[in-house]
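Visitor: next one to model:
(one chain, ligands or ions: 1)
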Amino acid sequence: MSQTRIALFPGSFDPITEGHLDLIRRAARLFDRVVVTVLINPAKQSLFTVDERVDLIRESCAGIDSPGHIEVDAFGGLLVEYAQRVGAVAIVRGLRSSTDFEYEQPMIAMNAHLAPGIDTVCLLASAQHAHISSRLVKEVASLGGSVTGMVPRAVEARLMARVRKG
Ligand code: PNS
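Guide: Okay, here's the model as predicted:
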């Protein structure tokens, strides 16, 4: 009997970008189920609330046609505990550059120490998304620049409205 292969795709997603969406699409081809999960971190200032970010991810993923089932939710606390709770065999993270690698490496090692049965699978960002980050997208939007093509359509209008409000 074959086992359902579940992957967790965690992040802040403030907000979800086209880069994230590409990784979700690709992960959904590799795994039976992908659980996209927003980190609940009250200590970190965010533009969108956790519920808003979950909704934006759900709307953005609605058009994805893939064999792997995609779910969206939120978590607080230790990532590996959450991964164990949902029965994930892997944590998926995206790498755009060597800077991302430096950032990810200690987290990957720590998670491997805490939960040796769960591997982190790093997907290299597609070339057209390598410059896109939630932080830069918010900066561009807040300075009046266009973010078309960098964030899903569902996000663009909400992001522009939010930064205009200040
Ligand atoms: O999108 P981000 O902000 O780069 O995502 C970071 C995230 C959510 C993957 C990371 O902050 C995380 O895993 N937080 C959970 C806390 C945790 O488990 N820490 C100990 C192991 S590193």
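Visitor: okay, buried residues for stretch 105-119 please.
Guide: By neighbour count on 16 or more other CB atoms under 10 Å, the buried set for stretch 105-119 is I108, N111, A115, I118, D119. Bear in mind the C-beta positions are built from the backbone N, C-alpha and C, glycine included.
Visitor: do stretch 27-43 as well
Guide: A27, A28, L30, F31, R33, V34, V35, V36, T37, V38, L39.
Visitor: T37: what secondary structure?
Guide: Using DSSP: H, G, I helix; E, B strand; the rest coil, the structure places T37 in strand.
Visitor: got the contact list for it?
Guide: The contact partners of T37, by CB atoms under 8 Å, 6 or more residues apart in numbering, come to L8, F9, P10, G11, V72, D73, A74, F75, Y82.
Visitor: cool, Y82 as well?
Guide: With contact set as CB under 8 Å, 6+ apart, Y82 has these partners: L8, P10, T37, F75.
Visitor: let's go with 7 Å and repeat that
Guide: Contacts for Y82 (CB atoms under 7 Å, 6 or more residues apart in numbering) come out as T37, F75.
Visitor: what helix or strand is it located in?
Guide: helix 79-86 (DSSP states H and E).
Visitor: now the angle from whichever helix or strand comes after that helix to helix 79-86?
Guide: Next helix or strand after helix 79-86 toward the C-terminus (DSSP H and E): strand 90-95. Going by axes from the mean of the first three to the mean of the last three CA atoms, to 10 degrees, strand 90-95 is angled at 130 degrees with respect to helix 79-86.
Visitor: that concludes my questions; thank you for your assistance.
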